[in-house]
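Asker: below is the structure, and that's it, no one-letter string:
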């Protein structure tokens, strides 16, 4: 028989009274451990929590709250093991009870470890810099990795508690893994690509990206999952793209860079002979008076080239978000056309003159 722990000496006088009733001894010991568990969770933990409340951080308060349930059940279940040993239930029953209690305790402390790691990772990500390994974008990845790791360790210890040999299970898992790998290689490729995307963060939720894969798909990232990434196009159509495609494609992040502002270009041509200083002044005025255009960086105008039939200018200005690109370009083009008409600035366009030498069948 496995000896767990001797009965507390403080109960020896009581044990002598019930010497002929082992089950009564077991009940008394179990009740004694329950009282200790209540004392720990109702008296000592609140005292520690009041002391922790004086600190500036709230993390210690949450950890103490998470400790309440596993600490109570740990002491209670240890008391159950001691009570079963004293009650002389037999080696076989005690061993079964030991395996059950160990499994329950491993499960309880696994949940505590998962919650604690999630809490600590959230704190670390909230205080992280832009180039830190743990940040809000990578938080789901590390949370899932820690949860899976704790779960694997818990399964291992539970198997050990029931004296189950892991060798055969691991061999079977390896064979099954190879079969699943061949059967679901596309799914696994998406999963691994999703992990790399979360770790590398080439884009984040809310960014406007363009896929340079021949389709020119452009949209706002609404979700980044383990298997796929979802984009909301300007047509309000949600497109789901497998992460394997995202990982192997060139992605242009219009919201990336030092700030989310996006530069738009408005090309316009004017006729030869027009005052170029006047054209530049009109274009700058239009950009500066538009409320959707940013003043920092300032708008600017560039005289690009001498075209075949026009002087080609380009108005460069910034908007707060790539989402505004189409709307602002429409407003700028409309205003440019109206002001050029008012100011007499000619916008050249292709013209063809047709000369008819003679009509067929015409005679003098």
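Answerer: Cool, the structure landed. Source: prediction; values computed, not measured.
Asker: buried stuff in stretch 32-41?
Answerer: 32-33, 36-37, 40-41 (16 or more other Cβ atoms under 10 Å). Just so you know, the C-beta spots here come from the backbone N, C-alpha and C atoms, and that holds for glycine as well.
Asker: to clarify, my last question referred to stretch 202-210.
Answerer: Neighbour count says stretch 202-210 has 203-204, 207-210 buried, by 16+ other Cβ under 10 Å.
Asker: a markdown table please, covering the residues you listed and showing pLDDT.
Answerer: Output for the buried residues of stretch 202-210, formatted as a markdown table (pLDDT from 0 to 100):
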| residue | pLDDT |
| --- | --- |
| 203 | 88 |
| 204 | 85 |
| 207 | 91 |
| 208 | 92 |
| 209 | 93 |
| 210 | 93 |
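Asker: which one of these sits closest to residue 270?
Answerer: When those are compared for distance to residue 270 (Cβ to Cβ), residue 210 wins out at 30.7 Å.
Asker: list the contacts of that closest one.
Answerer: By Cβ atoms under 8 Å, 6 or more residues apart in numbering, the contact list for residue 210 reads 216-218, 251-252, 254.
Asker: so how do I select the buried members of those in ChimeraX?
Answerer: In ChimeraX, this line selects whichever of those come out buried by 16+ other Cβ under 10 Å:
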select :218,251,254
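Asker: can you list the contacts of residue 210 in TSV and add secondary structure?
Answerer: Formatted as TSV, the contacts of residue 210 follow (DSSP: H, G, I helix; E, B strand; the rest coil):
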residue	secondary structure
216	coil
217	coil
218	strand
251	strand
252	strand
254	coil
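Asker: quick one: the contacts of residue 210 as TSV, columns for pLDDT and distance to residue 346 too.
Answerer: Converted to TSV, those look like this (pLDDT from 0 to 100; distance: Cβ to Cβ, whole Å):
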residue	pLDDT	distance to residue 346
216	82	34
217	90	39
218	92	34
251	92	42
252	92	36
254	90	34
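Asker: of all the contacts of residue 210, which comes closest to residue 166?
Answerer: Nearest member of the contacts of residue 210 to residue 166, counting by Cβ to Cβ, is residue 251, at 42.3 Å.
Asker: which residues touch the host helix or strand of residue 269?
Answerer: Taking DSSP states H and E as the definition, one finds residue 269 inside strand 262-270. Identification of contacts with strand 262-270 by Cβ under 8 Å, 6+ apart yields 208, 254-255, 276, 279, 283, 304, 307, 309-319, 321-322, 324-325, 328-329, 332-333, 336, 340, 345-348.
Asker: at 7 Å instead, please
Answerer: 254, 279, 307, 310-319, 321-322, 325, 328-329, 332-333, 336, 345-348 (Cβ atoms under 7 Å, 6 or more residues apart in numbering).
Asker: mind jotting down where the helices sit in the stretch 251-364 of the chain?
Answerer: For the stretch 251-364 of the chain, helices defined by DSSP state H, counting those that start in this stretch occupy the ranges 276-289, 325-343.
Asker: remind me which residues of the stretch 201-350 of the chain are low pLDDT?
Answerer: For the stretch 201-350 of the chain, no stretch is flagged by pLDDT under 70.
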